[in-house]
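S.K.: Mind looking at a prediction? Sequence and model below.
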Amino acid sequence: MAAALGYFYAALFFIVGCGFVVAALVAADVLNQLFLKRRPSRSKLITYESGETPLGSAWVQYPLAFYIFALLFVAFDVDIVFILSWAVIFQQLGWFGFVEILFFIIILAVGLIYAWRKGVIRWI
């Protein structure tokens, strides 16, 4: 019964949190429409407002390798957080913890070798 009550409280907090987000978005939209006077001038309608005249289109397509490189960075950065938290309790885990982190690092190494062979890590 206590576990079910815990799930109920977790669901209640989730629903209330989502309600706060929706209420804030709706309130911001309503206040924006009530008080914001939209008077676009010619200078506000140009691409940049930095004082420089824009050259070319504002739409620039970056190579896909930049995004893949960023995703690899984030993935390995998060993995370092797991490894550091494992290192804090290494003595308590014993051999089981050592084998688990060794398996984890092997999976990371295989992913890194795969990305290396695909040429993703090579910067353009």
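M.R.: Nice, I can see it.

S.K.: Just give me the residue closest to the centre of this protein.
M.R.: V74 (8.3 Å; C-alpha atoms, centre = their mean).

S.K.: Give the helix, strand or coil label for it.
M.R.: What DSSP: H, G, I helix; E, B strand; the rest coil gives for V74 is helix.

S.K.: who does the longest helix along the chain touch, helix- and strand-wise?
M.R.: As assigned by DSSP state H, the longest helix anywhere in the chain is helix 2-35. Helix 2-35 is packed against no helix or strand, with contacts defined by 3 or more C-beta pairs under 8 Å, 6 or more residues apart in numbering; DSSP states H and E. C-beta here means a position set from N, CA and C on the backbone, and glycine is covered the same way.

S.K.: can you list the domains in the protein?
M.R.: Split into domains by automatic domain parsing, the chain comes to 1-59, 61-124.

S.K.: Pass me the low-pLDDT residue ranges in the chain, would you?
M.R.: Applying pLDDT under 70 to the chain picks out residues 1-2, 43-54, 58, 123-124.

S.K.: Need the nearest residue in space to L108, chain neighbours excluded.
M.R.: In this structure, L108 finds its nearest non-sequential neighbour in D79, 5.8 Å apart by C-beta to C-beta, 6 or more residues apart in numbering.

S.K.: That neighbour sits in which helix or strand?
M.R.: If you go by DSSP states H and E, D79 is part of helix 64-88.

S.K.: what do you get for A109?
M.R.: In this assignment (DSSP H and E), A109 forms part of helix 90-118.

S.K.: Could you list the buried residues of that helix?
M.R.: Applying a neighbour-count criterion of 16 or more other C-beta atoms under 10 Å, one finds I101, L108, A115 buried in helix 90-118.

S.K.: can you pull the contacts of the last one?
M.R.: Going back to what we said before, that points to A115. A115 sits next to I68, L72, I121 when contact means C-beta atoms under 8 Å, 6 or more residues apart in numbering.

S.K.: can you check F13 too?
M.R.: Here F13 is in contact with no residue (C-beta under 8 Å, 6+ apart).

S.K.: Assign a three-state SS to R122, would you?
M.R.: coil.
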